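1. The amino acid sequence is not available; the structure is as follows:
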């Protein structure tokens with residue numbers, strides 16, 4: 001009797017795994033149909049993050065170069081009211 005009970009409990013525990021596995025298969029197939037073969041993956045997300053970080057670093061470097069150029073420029077002569085007339 002104990003043996004039958006333990007087999008039934010094992011079957012009950014396996015049922016959610018089977019259902020989850022089937023559900024994952026259906027969701028995966030549906031995603032491939034809707035999105036196409038360009039599915040988002042952890043590797044793809046990481047690469048996009050790396051590219052975005054590099055782009056932000058390039059923009060910061062460009063701003064720093066512009067600020068350095070502005071700081072090193074000689075001051076302009078101020079226009080006086082006399083020179084405007």
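-> Arrived safely, thanks for sending. Keep in mind that this is a model prediction, so the values were computed, not measured.
2. Next, residue 74: secondary structure please.
-> Residue 74 carries the three-state label coil when classified by DSSP: H, G, I helix; E, B strand; the rest coil.
3. Give the residue spans of the chain that score low on pLDDT.
-> Applying pLDDT under 70 to the chain flags residues 1-15, 37, 39, 79-85.
4. Following the record's annotation, map out the domains of it.
-> Listed domain ranges for the chain are 1-37, 40-73 (source: automatic domain parsing).
5. so the spatially most central residue of the chain is in which element?
-> With distances taken as CA atoms, centre = their mean, the chain has residue 45 as the residue nearest its mean C-alpha position (4.4 Å). Using DSSP states H and E, the secondary-structure element containing residue 45 is helix 42-72.
6. same deal with residue 27?
-> Per DSSP H and E: residue 27 is located in helix 2-35.
7. hmm, back to that, need the contact list for the residue nearest to the centre of the chain.
-> If you count contacts by CB atoms under 8 Å, 6 or more residues apart in numbering, residue 45 has none. Every residue, glycine included, has its C-beta placed from N, CA and C.
8. if I look at it, how far off is residue 51?
-> 11 Å (CB to CB, to the nearest Å).
9. Ok, residue 20 next?
-> Where residue 51 is concerned, residue 20 sits at a distance of 34 Å (CB to CB).
10. what does residue 24 give?
-> Distance, residue 24 to residue 51, by CB to CB: 30 Å.
11. Likewise for residue 77?
-> According to CB to CB, residue 77 and residue 51 sit 45 Å apart.
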